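[1] Predicted coordinates and the sequence they were generated for:
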Amino acid sequence: MKKAVNMFNNIMSFMGMLCLVIFITSVLVQVISRTFLPKSPAWTEELARYSFIYMIAFGSSVAVRTKEFVSVDLLVAKFGPKFNRILNIIIQIGILGFCGYILVYSVWPFANIKYRMVSTAMQIPMQYVYLSMVLLFALLIVSYIFEIILTLTGQE
């Protein structure tokens, strides 16, 4: 199981880094064209924004595994490891349920309404942009399922 989780995290890390490279390249093209060219391309700003959004979507699933999200450890410091493990599972199940609820009742209906639009500068269908929200919460759900399984089996 741990091998599958590590492979999943490696893929998400690679996708996040790819989005970061696209973001940096887009911003560099924008800065260089504004400085040295008479007219800068309009698509660079949108590409930077969309690649940043996807970078967050991929990176958030990695942050679950590396425990990079902000947490309060007031209760964890007071009790033993068995209680901490149970508390950790309860918190992960709660966050998993919250992500599922947001995906089903908020993100999915919103993405379905807006998918027919077209972006201003790049003229790409906005369904690809709004897919990032669906992807974000779906990847968070998968990541928290992996974390719950690893915590239950003691492989964390």
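    That came through fine.
[2] and residue 123, what element?
    Assigned by DSSP states H and E, residue 123 falls within no helix or strand.
[3] And it, its phi and psi?
    With angles defined as degrees, to the nearest 10, residue 123 sits at phi 60, psi 40.
[4] do you know how far it is from residue 58?
    Using Cβ to Cβ, to the nearest Å, residue 123 is found at 25 Å from residue 58. No exception for glycine: its C-beta is placed from N, CA and C like everyone else's.
[5] what's the answer for residue 111, then?
    From residue 111 across to residue 58, the span is 17 Å (Cβ to Cβ).
[6] Then residue 32?
    Residue 32 is 27 Å from residue 58, by Cβ to Cβ.
[7] which one of these two has more residues nearby?
    residue 58 (23 against 12; other Cβ atoms under 10 Å).
[8] okay but the more buried one is in contact with residue 10, surely?
    No: assessed by Cβ atoms under 8 Å, residue 58 is found out of contact with residue 10, at 11.4 Å.
[9] what's downstream of the helix or strand bottoming out on mean pLDDT in the chain, the next helix or strand?
    When the helices and strands of the chain are scored by mean pLDDT, DSSP states H and E, helix 74-78 comes last with a mean of 72. Next helix or strand after helix 74-78 toward the C-terminus (DSSP H and E): helix 81-102.
[10] Next, the buried residues of that following helix.
    Across helix 81-102, burial judged by 16 or more other Cβ atoms under 10 Å covers 88, 92, 95, 96, 99, 102.
[11] cool, and stretch 65-72?
    Of all the residues in stretch 65-72, those buried under the rule 16+ other Cβ under 10 Å are residue 65.
[12] the longest helix in the chain is where?
    As assigned by DSSP state H, the longest helix anywhere in the chain is helix 2-36.
[13] Keeping just the C-alphas, turn stretch 93-105 into PDB.
    Extracted C-alpha coordinates of stretch 93-105, given in PDB (Å, rounded to 0.1, in the frame of the first residue of the first chain):
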ATOM      1  CA  ILE A  93     -12.500  11.100   8.300                       C
ATOM      2  CA  GLY A  94     -14.000  14.500   9.100                       C
ATOM      3  CA  ILE A  95     -11.900  16.200   6.500                       C
ATOM      4  CA  LEU A  96     -12.600  13.500   3.900                       C
ATOM      5  CA  GLY A  97     -16.400  13.900   4.500                       C
ATOM      6  CA  PHE A  98     -16.100  17.700   4.200                       C
ATOM      7  CA  CYS A  99     -14.200  17.400   0.900                       C
ATOM      8  CA  GLY A 100     -16.700  14.900  -0.400                       C
ATOM      9  CA  TYR A 101     -19.600  17.200   0.600                       C
ATOM     10  CA  ILE A 102     -18.000  20.300  -1.000                       C
ATOM     11  CA  LEU A 103     -17.200  18.300  -4.200                       C
ATOM     12  CA  VAL A 104     -20.700  16.900  -4.600                       C
ATOM     13  CA  TYR A 105     -22.800  19.900  -3.500                       C
END
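[14] Alright, calling it a day.
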